[in-house]
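Peer 1: With the sequence up front, the predicted model follows.
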Amino acid sequence: MMWTRRKLLGHCTVLALASVGLPSKAAGAQVILVVGDSLSAEYGLERGKGWVTLLEQRLAADKLPATVVNASISGDTTSGGRSRLPTLLKQHKPTLVVLELGGNDALRGLPLNMTRDNLQAMARAAKAVGAKVLVLGMQVPPNYGRQYSDDFAALFQSVAKAENTALVPFLLKGVADVPNAEALFQADRIHPREQAHPIMLANVWVGLKPLLR
């Protein structure tokens, strides 16, 4: 991956809220709540080109009754997501919650155990209201050090195992870990370009589709 710690830190305070759809009242319809950061909030993209909107289109094409609510905020941390989640659960009554948070925790140097605890608390809160949970894993650039990078990637697996949730090990697989990966990133070398988002959706779909049954 080509990211740098300095550049990433410069984008942690950017805020942008993107919402797709409203909770469906149709019998048997799924309500999918995505709680994430800039990777899910269409940062730097034309509206409607991010993986969350592509998910909504995929569900419609497959004639799967579902509504997608995108409650992602660029720069958000797991602490921010944890504080927002109770209201989101009450408002949207999701049947499935996708957790795409953690990257900004690492960029701010927050303790890994804090990130883990926040994600576990979010998973438990979602399950408590009867929602299924999908955790989207993230990785950090190698300049963080091998041990830290390994421990960070592993925390998503530990959360999924502890809470018995579905897991996508690395949201940016096929984007950040391929030759000439810079071609799939915006000029800041942080946020994926439009052409990367179908790849991200494909990664998410593997973990999400079984939960729709």
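Peer 2: Looks like it arrived, so ask away.
Peer 1: so what strands line up beside the top strand by length along the chain?
Peer 2: When the chain is parsed with DSSP state E, its longest strand is strand 30-36. Applying DSSP bridges, strand 30-36 is found paired with strand 66-70 (parallel), strand 96-100 (parallel).
Peer 1: where along this structure do the strands fall?
Peer 2: 17-18, 30-36, 66-70, 72-73, 96-100, 132-136, 166-168.
Peer 1: In this structure, where is pLDDT below threshold?
Peer 2: In the predicted model, the chain carries pLDDT under 70 at residues 1-28.
Peer 1: which residues in it form helices?
Peer 2: Counting by DSSP state H, one finds helices in the chain at the ranges 5-9, 51-61, 78-92, 103-107, 112-128, 146-163, 197-208.
Peer 1: most packed of these?
Peer 2: helix 103-107 (a mean of 26; mean count of other CB atoms under 10 Å). In this view, the C-beta of every residue, glycine as well, is placed from N, C-alpha and C.
Peer 1: Show me what that one is packed against.
Peer 2: Under the contact definition 3 or more CB pairs under 8 Å, 6 or more residues apart in numbering; DSSP states H and E, helix 103-107 sits against helix 5-9, helix 112-128.
Peer 1: circling back: possible to save the strands paired with strand 30-36 as a markdown table with mean neighbour count and distance to residue 120?
Peer 2: Converted to a markdown table, those look like this (neighbours: other CB atoms under 10 Å; distance: least, CB to CB, whole Å):
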| stretch | mean neighbour count | distance to residue 120 |
| --- | --- | --- |
| strand 66-70 | 24 | 22 |
| strand 96-100 | 27 | 10 |
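Peer 1: Rebuild those as CSV, extending it with distance to residue 179.
Peer 2: Putting the strands paired with strand 30-36 into CSV (distance: least, CB to CB, whole Å) gives the following:
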stretch, distance to residue 179
strand 66-70, 31
strand 96-100, 25
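Peer 1: residue contacts, the residue positioned nearest the centre of the chain?
Peer 2: With distances taken as CA atoms, centre = their mean, residue 100 lies nearest the centre of the chain, 2.1 Å away. Residues in contact with residue 100 (CB atoms under 8 Å, 6 or more residues apart in numbering) are 34, 35, 36, 37, 39, 40, 72, 136, 138, 171.
Peer 1: between those residues, which is nearest residue 209?
Peer 2: Using CB to CB, residue 136 comes nearest to residue 209 of those, at 14.2 Å.
Peer 1: bridging residues for that closest one?
Peer 2: Under the criterion used (DSSP bridges), residue 136 bridges to residue 168.
Peer 1: Next, count neighbours for it.
Peer 2: 27 (other CB atoms under 10 Å).
Peer 1: what's the answer for the one 5 residues further on, then?
Peer 2: Neighbours of residue 141 under the rule other CB under 10 Å: 15.
Peer 1: before we move on, what about the one 3 residues further on?
Peer 2: The local packing of residue 144 (other CB under 10 Å) involves 18 other residues.
Peer 1: isn't it right up against residue 103?
Peer 2: No. Applying CB atoms under 8 Å as the test, residue 144 and residue 103 come out as separate, 11.6 Å apart.
Peer 1: Nothing else from me, thank you.
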